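1. The sequence and its predicted three-dimensional model are supplied below.
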Amino acid sequence: MKIILSNFRLQTVIGKVLVFAGIFILLISVAGYSQSKESLEDQRKRMLAEIEYTNNILNKNQKETKSNINQLMILKKNIENREEIIETYNTEIKLISKEISGKEMQISDSEKEIKLLKDEYAKLIYSAYKNRHGYDKWMFVLSSKDFNQAYRRLKYLKQFTDYRKKQVELVLEHEAKLLVEIEELSKEKAEKEELISKENIEKEKLAKQKQQINGVVADLRKTEKALKREIEKRKREAEQIKKAISKILAEEKRKKAEALKNNKETGTFALTPEESLISENFDKNKGKFPWPTERGIVIRTYGEHRHPVLPGIKTFNNGIDISTNEGAEVRAIFAGEVRDVWSIQGRNMAVIIKHGEFFTVYQNLSNVEVKPGDKVDFKQTIGKVFTDKNDGNSTMLHLEIWKGSERQNPAYWLARN
């Protein structure tokens, strides 16, 4: 009997360990799944908000004028966002399916454990029956040599009943919980599949937009000479900005050299303590800067790109181009000093703000509200984005960031929109 009870206690401990280990693994997997799901949902919300915004721009522009390159770029951005949304749904479906498989395996393990517990319980009862020599449980207790042995036997018998029942109940309860969760996940999976079906319908609509894009591209290719002139114009504008920054740097160096000479000091060109602090703070806030417009989408990113219409032609963008609402205000992304305001032919006004050793450039402005020498604060309005009525109501801001004479990718400096 003692051997049987010892096996019973051992199996009870092992059973509990297995159950709690299963619960622990389940909690970890659910936590990881929830985090992934939350991240995917946030990503979809951002993409959906951007799609809604681009649709508003497209609808307004298309009602008033024919399509152009800017609208072409917005359409492409819209399609990219929609495809990314569909991908997030597919990823979440895979996560849910994996979670369901894991729960089904745990249920299978629980069922095996329940069967094992029942078999062991039956063996214990049978062994107890064989060893009692025809006596019932009370005779088994009363046949003890003394009170202590009777108490121990009674306690063992109670363990037969209570601990086994509790263990079986625990496993059954855990299995029931898993079944409920699988049912819930199955419903969620069905909902997501339905959403993917809807998204595929949207993708079909976007495929029609791609056909529209092909039509726009065909029309624009007829104006190849004008497009090439536009490319050359952008190159000249980029060179103007580079020269303006070089001029500012040269002037700063000249002033510092003159100051050193007048004070009969020796040394090299350096920032003032105030400029050094501004520059340091600018550098520390990389990836946290506010957007120069309250709302907008990037339709041209930094770097080299293939031309959207002309085959074999590549262009280089020194910054990013942000499409925004008509009448949108332009804000300084960091505190600094306005160093230059000038007109770029065909692109309206441009403003350069100095932030220590850094410069930010805001191009294609109208109604500029600042002048050289002005101190500007964080998110202070410096003007408005120009809306070109002759170019599909295009309202686009060009932003550049420079560290000295080295251009930077603004996407790395701005906060995620």
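-> Looks like it arrived, so ask away. Numbering: from 1, shown residues only.
2. For residue 413, grab the count of nearby residues.
-> The local packing of residue 413 (other C-beta atoms under 10 Å) involves 20 other residues. Placement of C-beta: from N, CA and C, glycine included.
3. Assess the claim that it and residue 290 are in contact.
-> No - with contact defined as C-beta atoms under 8 Å, residue 413 does not count as touching residue 290 (10.6 Å).
4. between the two, what contacts are shared?
-> Residues touching both residue 413 and residue 290 (C-beta atoms under 8 Å, 6 or more residues apart in numbering): residue 333.
5. chain center to the helix of greatest length in the chain, what's the gap?
-> Longest helix in the chain, counting residues (DSSP state H): helix 147-221. Distance of helix 147-221 from the chain centroid (C-alpha atoms, centre = their mean, to the nearest Å) equals 24 Å.
6. what's downstream of that helix, the next helix or strand?
-> Moving toward the C-terminus from helix 147-221, the first helix or strand encountered (DSSP states H and E) is helix 224-262.
7. ok, the residue nearest the centre of the chain - contacts?
-> For the chain, the residue nearest the mean C-alpha position is residue 43 (5.0 Å; C-alpha atoms, centre = their mean). Residues near residue 43 by C-beta under 8 Å, 6+ apart: 84, 88.
8. hang on, the earlier thing: could you give the angle of the longest helix of the chain to helix 224-262?
-> If you take axes from the mean of the first three to the mean of the last three C-alpha atoms, to 10 degrees, helix 147-221 sits at 110 degrees to helix 224-262.
9. how about the helices in the stretch 1-150 of the chain?
-> Along the stretch 1-150 of the chain, counting by DSSP state H, counting those that start in this stretch, helices occupy 2-64, 69-131, 137-142, 147-221.
10. Packing partners of the second one?
-> Under the contact criterion of 3 or more C-beta pairs under 8 Å, 6 or more residues apart in numbering; DSSP states H and E, the helices and strands touching helix 69-131 comprise helix 2-64, helix 147-221, strand 297-300, strand 320-323.
11. Specify the angle between it and helix 224-262 in degrees.
-> Angle of helix 69-131 versus helix 224-262, following the same axes, to 10 degrees, is 90 degrees.
12. Give me the distance from helix 69-131 to the chain's centre.
-> The answer for helix 69-131 is 24 Å, by C-alpha atoms, centre = their mean.
13. what mean pLDDT does it have?
-> Here helix 69-131 scores 79 as its mean pLDDT.
14. The third one too?
-> Average pLDDT, helix 137-142: 60.
15. If I average pLDDT within each of the helices and strands packed on helix 69-131, which one is lowest?
-> With a mean of 62, helix 2-64 has the lowest mean pLDDT of these.
16. Which residue comes closest to residue 333 once chain neighbours are left out?
-> residue 289 (4.4 Å; C-beta to C-beta, 6 or more residues apart in numbering).
17. contacting residues around that neighbour?
-> 333, 334, 413, 414, 415.
18. Of those residues - the most surrounded one?
-> Most surrounded of the contacts of residue 289: other C-beta under 10 Å gives residue 333, at 25 neighbours.
19. is it true that that residue touches residue 359?
-> No - the pair residue 333 and residue 359 fails to qualify as a contact (C-beta under 8 Å) at a distance of 11.5 Å.
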